[in-house]
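Undergrad: below are the sequence and a predicted model; questions follow.
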Amino acid sequence: MNSLPPVAVIGAGMAGLACAQLLAEAGCRVDIFEKSRGPSGRMSTRRAQDLQGAWQCDHGAPSFAAQDPEFVQEVRQWEQHGVVAAWRPRAVCLQGTDAVPAEAGLDRWVGVPRMTSPAAFLVQRLGQQGHGVRLHLQATVQHLQHGPARWTVHCAEQGQMGPEYCALVLAVPAPQAAALLEPVSPYAAALAASARMQPCWVAMLRTDAPLPLDWDAAEITDGPLCWVARDSAKPGRQGQQGQQGQQTWVLHASARWSQDHIESDAESVARQLLQAFEALAGSLSDSLPGGLRVTAHRWRYALPAPHLVNRYWWDAPAGLGLCGDWMCGAGVEGAWLSGRALARRALATLTR
Ligand SMILES: Cc1cc2nc3c(=O)[nH]c(=O)nc-3n(C[C@H](O)[C@H](O)[C@H](O)COP(=O)(O)OP(=O)(O)OC[C@H]3O[C@@H](n4cnc5c(N)ncnc54)[C@H](O)[C@@H]3O)c2cc1C
């Protein structure tokens, strides 16, 4: 155990965790640095309290697909451990106020009881198996240094984090990777800077009574919104809301609308997205005695478009790797596959 050189992984989203898992299983000591208070990255859930009680809403990836056989196998394991479930919403396509049944797409999976659950499970599995993995939360990497065959990581909160690492993996969105890479690898920085990522404004809507809509998810082709769903109707959400009858809805703005409003304040965005929802679904506030509560969240880097196709990038002499959804196609599956592929390639160098 831990016979291989130590590796630093920046980012505890699906790519970073998948990469860390394989590295640790092979015998590397792995330190994961994550700037947030918990792992999971964009597979994110807002949990909060208001006057009506506790509520939660998946405001990052609402669900994901699994097609690659290796990822399907992993997701089946998650299912066996009760941290994901299949989600088959009553889905429609909204054209104006007309709702037509949506074409059946790929089967979707959701984390249970929230989208952060698979990442929490991966972290727990890493801990339980006695792998030499340390997860540093609230550790924002600000600066990287590459000495002779060694990497040093400097965090805003803890300062320099040692010991020094033989390899370093960046598993963060492309623009954030580009900024960190600029001083240490101009080539990798340029590669990351060439990947475009689209923003997404998301509104989380809470109601005290069920909305009178006979569908759970809708694709929208025109206007500010591109997708809305009844978040509280996903599997395993019962008992997660404060009151009986309370519902949570999630409203995604289109990439174009989000870009046009990227610097707007969250309150005005929340109002505008609610208005757009009411234009499609009919006036909601009038029919609800407790009114509506809405909160907006801005993702500057929600989804990559278009993605690079190499799955990962690895510089063997420097021991530097890049992975994430932007290397392997948008989405949770792409992120997981990218992290695994990079780990395999890095191990070929580290075990030599
Ligand atoms: C609104 C929205 C809708 C989406 N819809 C879908 C969907 O329907 N289906 C689907 O499959 N996917 C969807 N996605 C995309 C999916 O969430 C991502 O593709 C996937 O989670 C990316 O994983 P990742 O590990 O590559 O990156 P991330 O999840 O972004 O993980 C990167 C991690 O790095 C951390 N980090 C960044 N910089 C630093 C730093 N300097 N120091 C330390 N830590 C740092 C971040 O905090 C984050 O935790 C959606 C995303 C959003 C936001």
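TA: Yep, that arrived.
Undergrad: where do the helices of the stretch 151-300 of the chain begin and end?
TA: 174-181, 186-193, 255-260, 266-281 (DSSP state H, counting those that start in this stretch).
Undergrad: helices and strands around the third one, which ones?
TA: For helix 255-260, the elements it packs on are strand 197-207, strand 292-304, judged by 3 or more CB pairs under 8 Å, 6 or more residues apart in numbering; DSSP states H and E. C-beta: built from backbone N, CA, C; applies to glycine.
Undergrad: where's the residue most central in space within the chain, which helix or strand?
TA: The centroid of the chain falls nearest to R42 when counting by CA atoms, centre = their mean (1.9 Å). R42 is part of no helix or strand, with elements assigned from DSSP states H and E.
Undergrad: if we ignore the residues flanking it in sequence, what's nearest it?
TA: Leaving aside its sequence neighbours, R42 sits nearest to G60 (CB to CB, 6 or more residues apart in numbering; 4.2 Å).
Undergrad: how much space separates that neighbour from H146?
TA: Separation of G60 from H146 (CB to CB, to the nearest Å): 32 Å.
Undergrad: now do L211
TA: Look at L211 and H146: by CB to CB, they are 54 Å apart.
Undergrad: tell me the contacts of A203?
TA: Contact analysis of A203 by CB atoms under 8 Å, 6 or more residues apart in numbering lists V250, L251, A253, V269, A270, L273, L274, F277, V294, T295, A296, H297.
Undergrad: looking at it, the first one is touching G60, isn't it?
TA: No. Contact status for V250 versus G60: not in contact, 9.8 Å apart, counting by CB atoms under 8 Å.
Undergrad: any residues in contact with both of these two?
TA: Jointly contacting V250 and G60 under the rule CB under 8 Å, 6+ apart are V202.
Undergrad: how about the residues of the stretch 51-200 of the chain by the ligand?
TA: Residues of the stretch 51-200 of the chain that fall close to the ligand, judged by CB under 6 Å from any ligand atom: G60, A61, P62, S63, F64, T140, V141, A171, V172, P173, Q176, C200.
Undergrad: following element in sequence after the lowest-mean-pLDDT helix or strand in the chain, please.
TA: Within the chain, no helix or strand scores below strand 98-101, which has a mean of 82 by mean pLDDT, DSSP states H and E. Later in the chain than strand 98-101, the nearest helix or strand by DSSP H and E is strand 108-111.
Undergrad: any part of the helix ranked longest in the chain near the ligand?
TA: Criterion DSSP state H: the longest helix present in the chain is helix 332-350. Yes. Counting by CB under 6 Å from any ligand atom, the ligand has neighbours in helix 332-350: V332, E333, A335.
Undergrad: specify the beta-bridge partners of the residue nearest to the first one when sequence neighbours are not counted.
TA: The one in question is V332. Nearest non-adjacent residue to V332, counting by CB to CB, 6+ apart: F64, 3.7 Å away. With DSSP bridges applied, F64 shows beta-bridge pairing to W109.
Undergrad: ranking the helices and strands packed on helix 255-260 by burial, who's on top?
TA: Most buried of those, by mean neighbour count (mean count of other CB atoms under 10 Å): strand 197-207, with a mean of 23.
Undergrad: in its sheet, which strands sit next to that one, and in what direction?
TA: Sheet partners by DSSP bridges: for strand 197-207, these are strand 247-253 (antiparallel), strand 292-304 (antiparallel).
Undergrad: can you lay out the helices of the stretch 151-300 of the chain as TSV showing mean pLDDT?
TA: Below are the helices of the stretch 151-300 of the chain laid out as TSV (pLDDT from 0 to 100):
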stretch	mean pLDDT
helix 174-181	97
helix 186-193	96
helix 255-260	98
helix 266-281	93
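Undergrad: please identify the most buried of the ones you listed.
TA: helix 174-181 (a mean of 20).
Undergrad: kindly export that helix (C-alpha atoms) in PDB.
TA: Extracted in PDB, the C-alpha atoms of helix 174-181 (Å, rounded to 0.1, in the frame of the first residue of the first chain):
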ATOM      1  CA  ALA A 174     -11.100  24.600 -18.200                       C
ATOM      2  CA  PRO A 175     -10.900  28.400 -17.500                       C
ATOM      3  CA  GLN A 176      -9.900  27.700 -13.800                       C
ATOM      4  CA  ALA A 177      -7.300  25.200 -15.000                       C
ATOM      5  CA  ALA A 178      -5.900  27.800 -17.500                       C
ATOM      6  CA  ALA A 179      -5.300  30.400 -14.800                       C
ATOM      7  CA  LEU A 180      -3.400  27.900 -12.600                       C
ATOM      8  CA  LEU A 181      -1.400  26.500 -15.500                       C
END
